[in-house]
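> Sequence plus predicted model, see below.
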Amino acid sequence: MTAALVLGALLAAACVVLVALPYLREPAASDDVLEEPGELERRQLELAEERDRALAALKELEHDHRAGKISDADYRQLVGPLRREAAEALRALEPRAQAPARVRSDV
Amino acid sequence: MPELGRAALVVTLGLALYAVVAGAYAARNRRRRLALSAQNALIGAFGSTLVASVVLLAALVRNDFSFVYAAAHTSRELPTGYTISAFWGGQEGSLLLWLLILTGYAALAVLLNRRSSRDLVAWVVPVLAGVAVFFSFLVVAVASPFATQVAPLDGRGLNPSLQNPYMMAHPPLLYLGYVGLTVPFAFAMGALLARRTDERWIVSTRRWTLVAWTALGVGQLLGAHWAYEEVGWGGYYAWDPVENAALMPWLAATAFLHSVMIQEKRGMLKVWNVLLVILAFGLSLFGTFLTRSGIVSSIHSFTQSSIGPWFLAFICLVVAGSLGLLFSRLPLLRTRSRLESLVSREATFLYNNLLLVALTLTILWGVAYPILHEAVYGEQRVVGQGYYNFFLRVFGLPLLLLMGIGPLVAWRRASLRGLAATFAWPFGVALAAGLVLLALGAGSSIPGLIAYTFSAFVLASIALEFVRGTRARRALAGGTWPRAFSELVGRNRRRYGGYVVHAAIVLLAIGVAGSSAYDTVREGQLARGGSLEVGDYRLTYVRLDERPAANATEVRAVLDVERGGSSVGTVEAGKNAYTAEQQVSNEVGIRSDLVTGEDLFVIAEQVNPDGTVYLRVFVKPLVNLIWLAGVVFLLGSLIALWPDAREQRRLALRYSRAGATAEP
Amino acid sequence: MIALSVAAALAVFLLYASIAGGGTPMIQPSELNGRASAVTLAGHVVTQPRGDSYGQGLRFELRDIKGGKTERVTVLYTGSVPDLFRKGRDIVVDGRLQNGVFVAERDSLITKCPSKYADHPSTSS
């Protein structure tokens, strides 16, 4: 009974210490602000996602074409718009970069 | 030490409450130290729940019957393995297990993501903690596993149908699945709360969903195998509400896993994905509610159950709250890309989603119908198995077909000319398989024949995918065929793991169709020396054995089995009489043919005092493919789950570039 | 597109509902009142079951599970008997009333309470 209560009290105390830890570690933090991405960074994140999406689509198209799932005619029809999208995404992300690097694709 | 258990749970409740309030405040007002403190509270909640669980486990193992829970679910005779599984044998223990897994997952999710998506995690913490508050409140105030009493001499023992190795693994796996769906839900809500509409919530929870979904799937198959071997009515799934309770979140999670790919590849379906994750989490709560509240048997038992009303209120709160949040964030979730063609990979994913959701909702309707009818008309009405079987065919067979079509259709816009070329092979295989099966007499069941033809089509298209991929890889990188194959799978784990899972689903379909559409059953009373013929089997009743076991008396009828005129061994079927629990259970005899996957399944329905037995015997073709499907399913999931270093690097690059991981 | 699919699913559903009807009623012995249509009967076994379920049939009496009503009905049952079936259990059985006896469909008996993994609300605490 008493042992159980003592253990319970110890557990509670340990948890209080754990919760207070960030304040114990930095009693007087110079910055207590939770950083979050600003408008620019969020826009960049979205652009990066778009770029990855376009590159992945190109990669998959290459894969399917090489595997014979997509005929040459279909490939030619589809690859143009995809390349354009990828290029646009890259350009939007890095305005100063020159022509987009050649897309590496591996199966 | 029941006091320690109770105290630990109170600490959990306190920490969870703190994490909700402090976490929400910190996320709203951007307080870094407070956000960290809330995260620590969530981690601490796991620690204190663990302490409570250890206390309960110790009481069960030490047969401490001053714990009401131990006395109600164990006895002195019960083997130690089953005293451990008694942990989840009753309501209070299962709730504690829910809480333990929830806090464990929450701690892990926070630790894994607190660096990479700091702004997101700040909002995920209060959501996770909110769910933990509900469950810890239940075990503290409503259904405490630490109620005490004056210890009786012996406990009441565990329900004999739970005294089985499957029952040691089946419930924890289901809970791992149910609870696992909380994490994607919390990240989706966290993203909406934080107004982050990028894909980080999907990227961080992809594996969680997959793990939860795998656990639910494997757990259900184990449950089906348990029903098949132990419950002994000759089937493995009966559309019982308790079974449907696990099937529905699994189906919703399946839909989610597929539609998430559309968002990743095309940036579409953002709202739909959030809806699906809400549906999956809501259904996993509803599943727990169904199995735990007693509402299945009647509204009357529901109002008498202690936790039912709480659960219902919580489910309503979660659904209303998350839908309201989603609605308020709709403007952020607009997509720019559109579906370009109805003949494209995206479109097949969309059809797959609609069918899966339709199937889920019809099952939900079947489960809820008796309850709703009773609430409105005062009289329960039940829908029979016919209802479920009808919809399984109507929605399930097209789904099966889509598994074969999807992988072969190009993204964005597939040309009909190209389609004809890609489908030539699988279509030919399916046609040939259908004709051969028809010649063999499979036409006795039209749905069965359709299922088999579709299965052949899917298997052929999956095989084609692997062959073409390997050939292309070898042409590109050279090397041997096996090397090209393993490189292909290793470099596209999610895609090819997915195909392996598809193959497992096909095996499942073949096994289900074989054992339900093409089975044979005979029954009859046999005296010693008498025999019974079923299909090409002949069973002869040799003798009746009676022997004592650890906590039961076993009675077995021993039967000689002949097949096609030659002896193939014996089968035993009978009953166990459990002493402590004063119950009798059927113990069926099963003889599996591992080459054809066929089972001879013998139930001794009645053992008479004069030594005669009444037998019911099934021949179930291909039923073992269902269990094989479980192994293949697990293999496929593991392939898809296995960490992909290149993908991790790519993601790290994406997020570091965008500044989302800014270090202090 | 989505609206179209929803409409299609609804159509299939209505088609089924119109063919198969809305399920069978699930009632208690006190609600039987001589009604002779096919029903699912849920009740509490009050007498020791007698007879052979694979011979002349098993006979036992049911009353309401809850509510204190005293009406009883005799059930005649053949076929498979679940492990947990005995006096004092709650059961569910399909069938119809014939000459004052509820004649059950073969193999339709299900025990209600602990038949499945702990789906009953705990009564111990």
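Thanks, I have the structure now. Keep in mind the model is a prediction, meaning the values are calculated, not measured. Numbering: from 1, shown residues only, chains lettered A, B, ... in the order given.
> Mind jotting down where the helices sit in the stretch 51-200 of chain B?
Ranges of helices in the stretch 51-200 of chain B, per DSSP state H, counting those that start in this stretch, are B:68-73, B:80-85, B:91-113, B:118-137, B:165-180, B:182-193, B:200-226.
> nearest to residue A:9, of the ones you listed?
Residue A:9 lies closest, by C-beta to C-beta, to one member of the helices of the stretch 51-200 of chain B: helix B:118-137, at 18.8 Å. Yep, even glycine has a C-beta here, placed from its N, CA and C like the rest.
> and the angle from that closest one to helix B:200-226?
Relative orientation of helix B:118-137 and helix B:200-226, computed by axes from the mean of the first three to the mean of the last three C-alpha atoms, to 10 degrees: 40 degrees.
> angle of helix B:118-137 against helix B:91-113?
170 degrees.
> Rounded mean pLDDT for helix B:118-137, please.
For helix B:118-137, the mean per-residue pLDDT is 94.
> is chain A contacted by it?
Yes. Judged by C-beta under 8 Å from any C-beta of the partner chain, helix B:118-137 comes into contact with chain A through B:118, B:119, B:122.
> Out of those, which is nearest to chain C?
residue B:119 (32.3 Å; C-beta to the nearest C-beta).
> before we move on, back to that, among the residues of helix B:118-137 next to chain A, which are in reach of chain C?
Within the residues of helix B:118-137 next to chain A, nothing lies near chain C by C-beta under 8 Å from any C-beta.
> now the residues you listed in a markdown table, with neighbour count?
Shown next, in a markdown table, are the residues of helix B:118-137 next to chain A (neighbours: other C-beta atoms under 10 Å in any protein chain shown):
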| residue | neighbour count |
| --- | --- |
| B:118 | 21 |
| B:119 | 22 |
| B:122 | 28 |
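> can you redo those as TSV with distance to residue B:383?
As requested, the residues of helix B:118-137 next to chain A are exported to TSV (distance: C-beta to C-beta, whole Å):
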residue	distance to residue B:383
B:118	49
B:119	47
B:122	46
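> Looking at those, which is nearest chain A?
residue B:119 (3.9 Å).
> got a list of what whichever residue of chain A sits closest to chain B touches?
Proximity of chain A to chain B (C-beta to the nearest C-beta) peaks at residue A:8, 3.2 Å away. By C-beta atoms under 8 Å, 6 or more residues apart in numbering or on different chains, the residues touching residue A:8 are B:3, B:4, B:7, B:8, B:11.
> Tell me the spacing between it and residue C:102.
Per C-beta to C-beta, to the nearest Å, residue A:8 is found 56 Å from residue C:102.
> got it, and residue B:133?
49 Å.
> show me what contacts residue B:511?
Taking C-beta under 8 Å, 6+ apart, we find residue B:511 in contact with B:597, B:622, B:623, B:624, B:625, B:626, B:627, B:628, B:629.
> 7 Å instead, please
By C-beta atoms under 7 Å, 6 or more residues apart in numbering or on different chains, the contact list for residue B:511 reads B:622, B:623, B:625, B:626, B:629.
> In helices only, show me those residues.
Counting by DSSP state H, the part of these found in helices is B:625, B:626, B:629.
> Isn't the second one up against residue B:508?
Yes. Between residue B:626 and residue B:508 there is a contact at 5.8 Å, judged by C-beta atoms under 7 Å.
> got the ones in helices among the contacts of residue B:511 as JSON lines, with pLDDT, distance to residue A:71 and neighbour count columns?
JSON lines is the format used below for these (pLDDT from 0 to 100; distance: C-beta to C-beta, whole Å; neighbours: other C-beta atoms under 10 Å in any protein chain shown):
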{"residue": "B:625", "pLDDT": "94", "distance to residue A:71": "36", "neighbour count": "22"}
{"residue": "B:626", "pLDDT": "94", "distance to residue A:71": "39", "neighbour count": "24"}
{"residue": "B:629", "pLDDT": "95", "distance to residue A:71": "35", "neighbour count": "23"}
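> Would it be right to say that residue C:58 lies in a helix?
No. Under DSSP: H, G, I helix; E, B strand; the rest coil, residue C:58 sits outside any helix and is assigned strand.
> Which pLDDT does the model give it?
Value for residue C:58, per-residue pLDDT: 89.
> Residue B:569 now?
The model's pLDDT for residue B:569 equals 89.
> now the one 4 residues further on
At residue B:573, the model reports a pLDDT of 92.
> How many residues are close by it?
Residue B:573 has 26 neighbours, counted by other C-beta atoms under 10 Å in any protein chain shown.
> Name the SS class of it, please.
Judged by three-state DSSP, the three-state class of residue B:573 is strand.
> Skipping adjacent residues, who's closest to it in space?
The shortest distance from residue B:573 to any non-neighbouring residue, by C-beta to C-beta, 6 or more residues apart in numbering or on different chains, is to residue B:589 (3.6 Å).
> What's the separation between the one you found and residue B:518?
21 Å.
> which one of these two has more residues nearby?
Using other C-beta under 10 Å as the criterion, residue B:589 and residue B:518 rank with residue B:589 on top: 23 against 17.
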